[in-house]
Every structure is written in C-alpha cells, then in structure tokens.
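# Structure for this input, please:
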Amino acid sequence: MHGSLVGLPEKIDSARVHELRQQLTDLWQLTMGRSPGGLEADLELSRKWFDPVAQGERLRRELSALPTVPKGASELASPWTYHVGENKWLVTPEGRCVLDLLEALPIAPIHLISDDLLVPYDRLLGRTYQRWGRHRLESVVGLLRGSDKPLQIPAAAVVIALLVNRCTSEERALVRFAAGPARDVVDGAFFAPVKAFHETLVPKQVSARAHPRLISGWMLYEARRRLGDGLVLTDARRPRDGRVWIRPDQIDVIIGRLARDLMRGHRVRATPETLGRAFDALVDALRLELPKLAGYGLVHERPPETRRLRQRLIDSLSDGDLNGS
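As a prediction, this is how the structure comes out:
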C-alpha cells in the first residue's frame, strides 16, 4: 500500500492499533533492554543490529544471547520485525517508525493511514539507511585523505619499522608466522623497536599491550586502514604464513602521511627533534634484534638507506610545519 517502507494498511481499527503498539513496545523492551524513547535516538540504537558493516563476530555473539520472545510476538508482520532464530525476533527500523506513528494516532474506532502520515517516516528511513550505507565508505575516504583521526603512534611506528627494515617489496616482506616458536621470536624482535619509538616520543604514555602480534594486533590493521593498498597484508592462517610489506611506489606518499599524522591529533605532537630521537631509538632497538630476524632471513636494513629515510621523515615533518599542515 502507498509504496511506503512502513508497510501499514490503508485502514486499521483501534483494537489492532492497541495490539500492535503493545507487541512492538514489549519486543523493543525485551531486545533492547529499555523502553522506547525518542524515535531518532532509538533508530540509532537499532543500528547495532542493522548497520550494513556491523561486525559478524559481534552480531553472532549478541544475537545468540538475545532472549526468546513471548508467544504472539512472532505474529508481527515483516517489515516491522526480523526473525533471527527460534523464538527470537528484532524490531526493525520500520517497526520502530510504525510504533511512533501508532502512538501519535488520536482515539478513533477506525484510522485511515494516509500518505501524509507516512511520507515523514519514509524520508527518515531513507536518510537513515543512506547514512548507514555510506558510513564505511566515508570513513575509509576520510582515513585516506587524512581528514579522519590520525594514526596512533604505535601504528605509525610499525610503518616506520617496516620502512627501516626495507620491507618494501614482496621479496623483502616481513613474515607473519601463523604459529610456533618462530612467531614468538619474530613478533618480539619486530615490536621491540616499535615500543622504543613509542616510549621515546611519548615517555609518559603507557605502551601497547605486552605481547602484540603480527597476525592479530590492532597496529597493522589500523595502518592498513589509514594507508590503503600502500600497505600489503596477506593472511596468516595455519599452516600458511602471511606477509606484510609496503608497496615501493607508495613510499613517498606514506612518508608524507606519517609526517602529517605525527604532527596532528596527538597529545604530544612530534617535532623534527623529537621525531629524530624516536627514530634513532627505533633503529637502535631494531639492530639489537637483527640476529633474531637473521635466523629467518628477515634482515634487510641498510645503514645508508636508513639515514636517508630519517632525513626524509624529518624534512617532511618540517615542510608540513612550515605549511601549517
């Protein structure tokens, strides 16, 4: 009817209005853990279920924990509810709009549901789904443009450590061991210089968790989100090991982004002097770990290139400062 997203019939009697209101209210309270509130705020709450980029692992966990609904609630028609399992239903954004509309109807034996009543809800639903659908794209574009939040310092240090060790081709990629003693050795050897950089640049800040991993740590994945396909990650799944490297044609772009991100958005913003000290600490720590990496053929650092990289980072930072970036 009407071609509306809301899905109400043209006529509805007062008994059905009361029944629908009670069922939708009860189901909302059961699944959301609270009474219905403001419509737009409740739509944002329902995003946890209906966001197109919601994490599958979280959804599986939370949907499994949903309480079963009382008998009769499952009789609510689509599109007002969504069946997610045996005796488990969710109120959809359309259902929450229907509840709002029904609550606003005056007392009358019969209600005519006109287009004038439906159009505001259709527009609200359209805007809501459009915003949810574009959120992921806008987030990625913001990260790539640098208009979103900058890399956290440990993630920036990961990228610098890869550059220092010349992990800038598939042949010189750092191996992400899926399991075994090699994983612990390489992970420890790689993240020691990352920690040294972080603690030198921000000495009073608590470092990342004690045993970060190349196969599961947040730092690499944050760097990937910020740098896009400039940082290549291949999966590490038993029995296959993964790899990580920086595309050589993206090195200049990545150095510029590192410099900009280290200057903005952090409580302690890097200066050429502090970046130089942190870079030196990273290099010193990496060189201490090189014997461990050498056992796996993962040593690619060359002192002359390391010195040139240091200067390029500092020059990029200085240029950005002068240009007011």
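
# which stretches of the stretch 101-250 of the chain form strands?
Secondary structure of the stretch 101-250 of the chain, counting by DSSP state E, counting those that start in this stretch: strands at 110-112, 174-176, 231-234, 242-246.

# neighbouring strands for the third one, and are they parallel or not?
Pointing back at strand 231-234 there. Strand 231-234 pairs in its sheet with strand 242-246 (antiparallel), by DSSP bridges.

# Mind listing what's buried along the very next helix or strand once past the strand it pairs with?
Note on strand 242-246: by DSSP states H and E, the next helix or strand toward the C-terminus is helix 251-263. For helix 251-263, a neighbour-count test (16 or more other C-beta atoms under 10 Å) marks 254-263 as buried. For every residue, glycine as well, the C-beta is placed using N, CA and C.

# swap in stretch 301-312?
Of the residues in stretch 301-312, 301, 306, 309-310, 312 count as buried by neighbour count, 16+ other C-beta under 10 Å.

# Kindly present the residues you listed as TSV, with separate columns for distance to residue 64, secondary structure and pLDDT.
Formatted as TSV, the buried residues of stretch 301-312 follow (distance: C-beta to C-beta, whole Å; DSSP: H, G, I helix; E, B strand; the rest coil; pLDDT from 0 to 100):
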residue	distance to residue 64	secondary structure	pLDDT
301	48	coil	95
306	50	helix	96
309	48	helix	96
310	51	helix	95
312	50	helix	94
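
# Just give me the closest of those to residue 279.
residue 310 (5.2 Å; C-beta to C-beta).

# Pull the contacting residues for that closest one.
276, 279-280, 283 (C-beta atoms under 8 Å, 6 or more residues apart in numbering).

# Pretty sure residue 176 sits against residue 242.
Yes: if you go by C-beta atoms under 8 Å, residue 176 and residue 242 touch, sitting 3.7 Å apart.

# Of the buried residues of helix 251-263, which one scores lowest on pLDDT?
Of all the buried residues of helix 251-263, residue 263 carries the smallest pLDDT score, 81.

# Find the nearest non-adjacent residue to that residue, please.
With C-beta to C-beta, 6 or more residues apart in numbering as the criterion, residue 263 has its nearest non-adjacent residue at 5.3 Å, and that residue is residue 269.
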